[in-house]
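# pasting the structure only:
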(Lines give C-alpha, C1' and ligand atoms only; values in the text may rest on other atoms or scores of the structure.)
Protein backbone atom coordinates (compact mmCIF):
# COMPACT_ATOMS: atom_id res chain seq x y z
CA UNK A 1 0.00 0.00 0.00
CA UNK A 2 1.27 3.46 -0.87
CA UNK A 3 1.10 6.13 1.82
CA UNK A 4 0.53 9.70 0.71
CA UNK A 5 3.36 12.09 1.48
CA UNK A 6 2.84 15.84 1.72
CA UNK A 7 4.86 18.96 2.38
CA UNK A 8 2.47 21.15 4.33
CA UNK A 9 -0.73 21.13 2.29
CA UNK A 10 -4.14 19.92 3.43
CA UNK A 11 -6.19 20.15 6.61
CA UNK A 12 -4.27 17.56 8.64
CA UNK A 13 -0.90 19.29 8.75
CA UNK A 14 -1.66 20.54 12.25
CA UNK A 15 -0.46 18.40 15.13
CA UNK A 16 -3.37 16.73 16.92
CA UNK A 17 -2.21 14.06 19.39
CA UNK A 18 1.58 13.78 19.65
CA UNK A 19 3.33 11.08 21.64
CA UNK A 20 6.66 9.99 20.14
CA UNK A 21 9.50 11.95 18.59
CA UNK A 22 13.12 11.40 17.69
CA UNK A 23 15.81 13.45 15.95
CA UNK A 24 18.01 12.27 13.11
CA UNK A 25 21.60 13.13 12.22
CA UNK A 26 20.44 15.81 9.75
CA UNK A 27 18.72 17.92 12.39
CA UNK A 28 15.22 16.75 11.48
CA UNK A 29 12.87 16.01 14.38
CA UNK A 30 10.44 13.24 13.44
CA UNK A 31 7.14 13.51 15.31
CA UNK A 32 4.43 10.85 15.56
CA UNK A 33 0.92 12.27 15.60
CA UNK A 34 -1.50 9.54 16.69
CA UNK A 35 -4.42 11.62 15.43
CA UNK A 36 -7.23 10.14 17.48
CA UNK A 37 -8.04 13.22 19.57
CA UNK A 38 -10.02 14.65 16.64
CA UNK A 39 -10.10 11.45 14.56
CA UNK A 40 -7.66 12.45 11.85
CA UNK A 41 -5.30 10.14 10.00
CA UNK A 42 -2.18 9.28 12.03
CA UNK A 43 0.97 10.71 10.51
CA UNK A 44 4.73 11.02 10.82
CA UNK A 45 5.89 14.64 10.61
CA UNK A 46 9.45 15.79 9.96
CA UNK A 47 10.48 19.29 11.10
CA UNK A 48 13.87 20.54 9.91
CA UNK A 49 15.46 22.40 12.83
CA UNK A 50 18.25 23.76 10.62
CA UNK A 51 15.94 25.48 8.13
CA UNK A 52 13.06 25.87 10.60
CA UNK A 53 10.69 24.45 8.00
CA UNK A 54 8.44 21.46 7.51
CA UNK A 55 10.47 18.67 5.92
CA UNK A 56 7.87 16.05 5.05
CA UNK A 57 4.67 14.36 6.19
CA UNK A 58 3.92 10.65 5.87
CA UNK A 59 0.26 9.79 6.42
CA UNK A 60 -0.57 6.40 7.97
CA UNK A 61 -4.19 5.59 7.00
CA UNK A 62 -5.95 2.26 7.41
CA UNK A 63 -5.02 -0.55 7.05
CA UNK A 64 -1.49 0.56 8.00
CA UNK A 65 -3.09 1.79 11.21
CA UNK A 66 -6.34 0.45 12.64
CA UNK A 67 -9.10 1.70 14.93
CA UNK A 68 -7.13 0.94 18.11
CA UNK A 69 -3.74 2.05 16.83
CA UNK A 70 -1.44 4.13 18.99
CA UNK A 71 1.80 4.57 17.03
CA UNK A 72 4.21 6.13 19.48
CA UNK A 73 7.90 5.37 19.03
CA UNK A 74 10.22 5.32 16.06
CA UNK A 75 13.55 4.12 14.68
CA UNK A 76 15.21 6.01 11.83
CA UNK A 77 17.14 3.71 9.49
CA UNK A 78 19.06 5.91 7.07
CA UNK A 79 21.08 2.97 5.71
CA UNK A 80 17.99 1.16 4.42
CA UNK A 81 15.88 4.34 4.05
CA UNK A 82 13.15 3.12 6.39
CA UNK A 83 11.25 4.21 9.49
CA UNK A 84 10.17 1.53 11.98
CA UNK A 85 7.23 2.65 14.10
CA UNK A 86 5.99 0.80 17.19
CA UNK A 87 2.18 0.63 17.40
CA UNK A 88 1.17 -0.40 20.92
CA UNK A 89 -2.56 -0.69 19.99
CA UNK A 90 -4.10 0.97 23.05
CA UNK A 91 -5.80 3.83 21.23
CA UNK A 92 -9.61 4.14 21.27
CA UNK A 93 -10.98 0.61 21.58
CA UNK A 94 -7.55 -1.00 21.52
CA UNK A 95 -6.26 -3.32 24.21
CA UNK A 96 -2.88 -4.33 22.79
CA UNK A 97 -3.98 -7.49 21.00
CA UNK A 98 -3.16 -6.00 17.57
CA UNK A 99 0.13 -4.33 18.46
CA UNK A 100 2.50 -4.25 15.51
CA UNK A 101 5.46 -2.62 13.79
CA UNK A 102 4.83 -0.22 10.90
CA UNK A 103 7.55 0.08 8.24
CA UNK A 104 7.61 3.25 6.11
CA UNK A 105 9.87 3.71 3.10
CA UNK A 106 11.47 7.15 3.36
CA UNK A 107 11.66 7.70 -0.39
CA UNK A 108 8.42 6.25 -1.78
CA UNK A 109 6.15 6.57 1.26
CA UNK A 110 5.12 2.95 0.82
CA UNK A 111 4.30 1.27 4.15
CA UNK A 112 3.58 -2.14 5.63
CA UNK A 113 2.14 -3.34 8.92
CA UNK A 114 4.01 -6.39 10.22
CA UNK A 115 3.99 -8.65 13.29
CA UNK A 116 0.39 -7.58 13.97
CA UNK A 117 -0.82 -9.58 16.97
CA UNK A 118 2.45 -11.52 17.14
CA UNK A 119 3.61 -12.95 20.47
CA UNK A 120 6.58 -10.56 20.34
CA UNK A 121 4.46 -7.40 20.01
CA UNK A 122 1.36 -8.08 22.13
CA UNK A 123 1.38 -7.53 25.91
CA UNK A 124 1.85 -10.37 28.35
CA UNK A 125 -0.62 -10.86 31.19
CA UNK A 126 1.66 -9.02 33.61
CA UNK A 127 0.20 -6.07 35.58
CA UNK A 128 1.94 -2.72 35.73
CA UNK A 129 2.48 -2.11 39.44
CA UNK A 130 3.54 1.34 40.66
CA UNK A 131 3.95 2.07 44.38
CA UNK A 132 2.14 -1.18 45.18
CA UNK A 133 -0.90 -0.47 43.00
CA UNK A 134 -1.80 -2.32 39.81
CA UNK A 135 -2.83 0.11 37.07
CA UNK A 136 -6.31 -0.70 35.78
CA UNK A 137 -8.79 0.66 33.24
CA UNK A 138 -12.48 -0.13 32.73
CA UNK A 139 -12.90 -3.38 30.80
CA UNK A 140 -15.59 -4.17 28.23
CA UNK A 141 -17.85 -5.24 31.11
CA UNK A 142 -17.18 -1.98 32.96
CA UNK A 143 -15.14 -3.68 35.67
CA UNK A 144 -11.51 -2.77 36.35
CA UNK A 145 -8.99 -4.72 34.30
CA UNK A 146 -5.21 -4.38 34.21
CA UNK A 147 -4.03 -2.10 31.45
CA UNK A 148 -2.10 -4.02 28.79
CA UNK A 149 0.25 -2.10 26.49
CA UNK A 150 1.72 -3.70 23.39
CA UNK A 151 4.85 -2.94 21.36
CA UNK A 152 6.29 0.19 22.94
CA UNK A 153 10.07 0.60 23.06
CA UNK A 154 11.95 0.14 19.78
CA UNK A 155 15.55 0.78 18.73
CA UNK A 156 18.20 -0.48 16.30
CA UNK A 157 21.92 -1.19 16.55
CA UNK A 158 24.50 1.11 15.00
CA UNK A 159 25.18 -1.25 12.11
CA UNK A 160 21.49 -1.36 11.14
CA UNK A 161 21.56 -5.14 11.55
CA UNK A 162 19.05 -5.72 14.37
CA UNK A 163 15.84 -4.00 15.45
CA UNK A 164 15.11 -4.45 19.16
CA UNK A 165 11.58 -4.06 20.51
CA UNK A 166 9.24 -5.12 23.30
CA UNK A 167 5.69 -4.78 24.58
CA UNK A 168 5.45 -2.61 27.67
CA UNK A 169 3.68 -5.35 29.65
CA UNK A 170 6.02 -8.28 29.64
CA UNK A 171 9.27 -9.86 30.71
CA UNK A 172 10.80 -10.36 27.25
CA UNK A 173 12.91 -8.14 25.00
CA UNK A 174 12.97 -9.24 21.36
CA UNK A 175 15.01 -8.56 18.26
CA UNK A 176 14.81 -9.30 14.54
CA UNK A 177 17.30 -8.85 11.73
CA UNK A 178 16.60 -5.78 9.62
CA UNK A 179 17.01 -7.83 6.44
CA UNK A 180 14.21 -10.13 7.62
CA UNK A 181 11.96 -7.30 8.78
CA UNK A 182 12.21 -5.79 5.29
CA UNK A 183 11.77 -9.07 3.40
CA UNK A 184 8.32 -8.80 1.83
CA UNK A 185 8.47 -12.37 0.58
CA UNK A 186 8.15 -13.76 4.10
CA UNK A 187 4.68 -14.81 5.25
CA UNK A 188 3.52 -13.57 8.68
CA UNK A 189 4.36 -16.97 10.15
CA UNK A 190 7.80 -17.01 8.53
CA UNK A 191 8.52 -13.49 9.76
CA UNK A 192 7.41 -14.41 13.28
CA UNK A 193 9.83 -17.34 13.23
CA UNK A 194 12.68 -14.90 12.56
CA UNK A 195 12.04 -13.04 15.84
CA UNK A 196 14.51 -13.85 18.61
CA UNK A 197 13.92 -13.47 22.33
CA UNK A 198 16.96 -11.46 23.38
CA UNK A 199 16.76 -11.01 27.15
CA UNK A 200 14.65 -10.68 30.28
CA UNK A 201 13.33 -7.25 31.21
CA UNK A 202 10.88 -5.48 33.54
CA UNK A 203 7.79 -3.67 32.30
CA UNK A 204 9.41 -0.93 30.26
CA UNK A 205 8.49 2.02 28.09
CA UNK A 206 11.33 3.59 26.11
CA UNK A 207 14.31 1.84 24.57
CA UNK A 208 17.61 3.20 23.26
CA UNK A 209 21.09 1.92 22.41
CA UNK A 210 24.72 3.04 22.43
CA UNK A 211 27.59 2.43 20.02
CA UNK A 212 28.77 -0.54 22.10
CA UNK A 213 25.39 -2.26 21.78
CA UNK A 214 24.21 -1.64 25.34
CA UNK A 215 20.43 -1.31 25.50
CA UNK A 216 18.79 1.21 27.86
CA UNK A 217 15.24 0.59 29.09
CA UNK A 218 12.99 2.92 31.07
CA UNK A 219 11.54 0.82 33.91
CA UNK A 220 8.15 2.44 34.47
CA UNK A 221 7.38 0.68 37.76
CA UNK A 222 10.59 1.40 39.64
CA UNK A 223 11.49 5.00 38.70
CA UNK A 224 14.67 3.78 37.07
CA UNK A 225 16.61 3.16 33.88
CA UNK A 226 18.06 -0.28 33.29
CA UNK A 227 20.66 -1.60 30.90
CA UNK A 228 21.15 -4.87 29.03
CA UNK A 229 24.77 -5.43 28.02
CA UNK A 230 26.54 -7.97 25.86
CA UNK A 231 25.84 -10.64 28.48
CA UNK A 232 22.09 -10.16 27.84
CA UNK A 233 21.51 -9.62 31.56
CA UNK A 234 19.28 -6.80 32.80
CA UNK A 235 20.46 -4.57 35.63
CA UNK A 236 19.42 -1.21 37.05
CA UNK A 237 21.68 1.58 35.80
CA UNK A 238 20.25 4.58 37.67
CA UNK A 239 17.15 5.59 39.62
CA UNK A 240 15.58 8.60 41.31
CA UNK A 241 12.47 8.89 43.53
CA UNK A 242 11.16 11.77 41.39
CA UNK A 243 11.53 9.86 38.11
CA UNK A 244 7.84 8.96 37.98
CA UNK A 245 7.13 6.81 34.94
CA UNK A 246 10.33 7.30 32.92
CA UNK A 247 9.28 7.00 29.31
CA UNK A 248 11.04 8.45 26.27
CA UNK A 249 14.80 7.98 26.13
CA UNK A 250 17.23 9.19 23.50
CA UNK A 251 20.87 10.09 23.00
CA UNK A 252 22.19 13.56 22.24
CA UNK A 253 25.33 14.79 20.46
CA UNK A 254 26.45 16.27 23.80
CA UNK A 255 27.28 12.75 25.05
CA UNK A 256 24.30 12.37 27.36
CA UNK A 257 21.14 10.35 27.18
CA UNK A 258 17.93 12.14 28.08
CA UNK A 259 14.87 10.62 29.79
CA UNK A 260 11.44 12.15 30.32
CA UNK A 261 9.49 11.46 33.52
CA UNK A 262 5.91 11.55 32.23
CA UNK A 263 4.02 10.84 35.49
CA UNK A 264 1.51 8.65 33.61
CA UNK A 265 0.85 6.51 36.69
CA UNK A 266 -0.22 9.67 38.56
CA UNK A 267 -2.97 10.49 36.05
CA UNK A 268 -6.57 10.70 37.25
CA UNK A 269 -7.64 7.55 35.39
CA UNK A 270 -5.33 5.51 37.62
CA UNK A 271 -6.13 7.30 40.88
CA UNK A 272 -9.87 7.14 41.35
CA UNK A 273 -10.49 10.19 39.17
CA UNK A 274 -8.11 12.43 41.11
CA UNK A 275 -5.05 13.63 39.23
CA UNK A 276 -1.87 13.22 41.27
CA UNK A 277 0.47 14.46 38.54
CA UNK A 278 1.98 17.90 39.06
CA UNK A 279 4.49 20.32 37.68
CA UNK A 280 7.34 20.47 37.12
CA UNK A 281 7.64 17.62 34.63
CA UNK A 282 11.25 16.51 34.77
CA UNK A 283 13.76 15.56 32.11
CA UNK A 284 16.83 13.67 33.31
CA UNK A 285 20.17 13.23 31.64
CA UNK A 286 22.94 10.72 32.30
CA UNK A 287 26.19 9.49 30.82
CA UNK A 288 25.70 6.10 29.12
CA UNK A 289 28.33 3.38 29.17
CA UNK A 290 29.32 4.38 25.64
CA UNK A 291 28.27 7.16 23.29
CA UNK A 292 24.63 6.84 22.30
CA UNK A 293 23.25 6.80 18.77
CA UNK A 294 21.19 9.95 18.21
CA UNK A 295 18.45 8.49 16.02
CA UNK A 296 18.09 5.23 17.93
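Sure thing, it's come through. Every value quoted in this text rests on a predicted model; they were computed, and no experiment measured them.

# those helices in this structure, which residues are they?
In the chain, the helices defined using DSSP state H lie at 178-181, 188-193.

# which secondary element of this protein has the worst mean pLDDT?
When the helices and strands of the chain are scored by mean pLDDT, DSSP states H and E, strand 5-6 comes last with a mean of 49.

# Contact partners for the residue nearest to residue 38 when sequence neighbours are not counted?
Closest residue in space to residue 38, ignoring its immediate chain neighbours: residue 16 at 5.4 Å, by C-beta to C-beta, 6 or more residues apart in numbering. Heads up, the C-betas are built off the backbone N, CA and C, glycines and all. By C-beta atoms under 8 Å, 6 or more residues apart in numbering, the contact set of residue 16 is 33-38, 40.

# Of the residues you listed, just say which sits nearest to residue 205.
Taking C-beta to C-beta as the measure, residue 205 sits nearest to residue 34 out of the contacts of residue 16, at 15.5 Å.

# Find the nearest non-adjacent residue to that closest one, please.
residue 17 (4.4 Å).

# Just name the most buried of the helices of the chain.
Of all the helices of the chain, helix 178-181 carries the top mean neighbour count, a mean of 18, counting by mean count of other C-beta atoms under 10 Å.

# So the residue nearest to the spatial centre of the chain versus residue 150, what's the distance?
For the chain, residue 73 is the residue whose C-alpha lies nearest the centre (C-alpha atoms, centre = their mean; 2.9 Å). Look at residue 73 and residue 150: by C-beta to C-beta, to the nearest Å, they are 11 Å apart.

# since we're on the residue nearest to residue 34, how many residues are nearby?
Per other C-beta atoms under 10 Å, the neighbour tally for residue 17 reads 16.

# surely it meets residue 31?
No. Assessed by C-beta atoms under 8 Å, residue 17 is found out of contact with residue 31, at 10.9 Å.

# Quickly list what residue 165 is bridged to.
Per DSSP bridges, the residues bridged to residue 165 are residue 154, residue 174.

# didn't it look like it was pressed against residue 122?
No. With contacts counted by C-beta under 8 Å, residue 165 stays clear of residue 122, the gap being 11.8 Å.

# next one: phi and psi at the residue located most distally from the centre of the chain?
Going by C-alpha atoms, centre = their mean, the residue of the chain most distant from its centre is residue 141, 28.9 Å out. In this entry, residue 141 is assigned phi and psi values of phi -90, psi 0 (degrees, to the nearest 10).

# OK, contacts around residue 290?
By C-beta under 8 Å, 6+ apart, residue 290 lies in contact with 210-212, 214.

# Roughly how far does the residue nearest to residue 148 when sequence neighbours are not counted sit from residue 149?
Distance criterion C-beta to C-beta, 6+ apart; nearest residue to residue 148, sequence neighbours excluded, is residue 123 at 3.8 Å. Per C-beta to C-beta, residue 123 is found 6 Å from residue 149.

# Any regions of the stretch 101-250 of the chain where pLDDT drops low?
Scanning the stretch 101-250 of the chain for pLDDT under 70 picks out nothing.

# go with 80
For the stretch 101-250 of the chain, the stretches with pLDDT under 80 are 139-140, 142.

# Name the surrounding residues that touch stretch 258-268.
The contact list for stretch 258-268 (C-beta under 8 Å, 6+ apart) reads 128, 130-131, 135, 206, 218, 220, 225, 242-252, 270, 274-278, 281-286.

# Ends of it, what's the gap?
Distance across stretch 258-268, first residue to last, is 26 Å (C-alpha to C-alpha, to the nearest Å).
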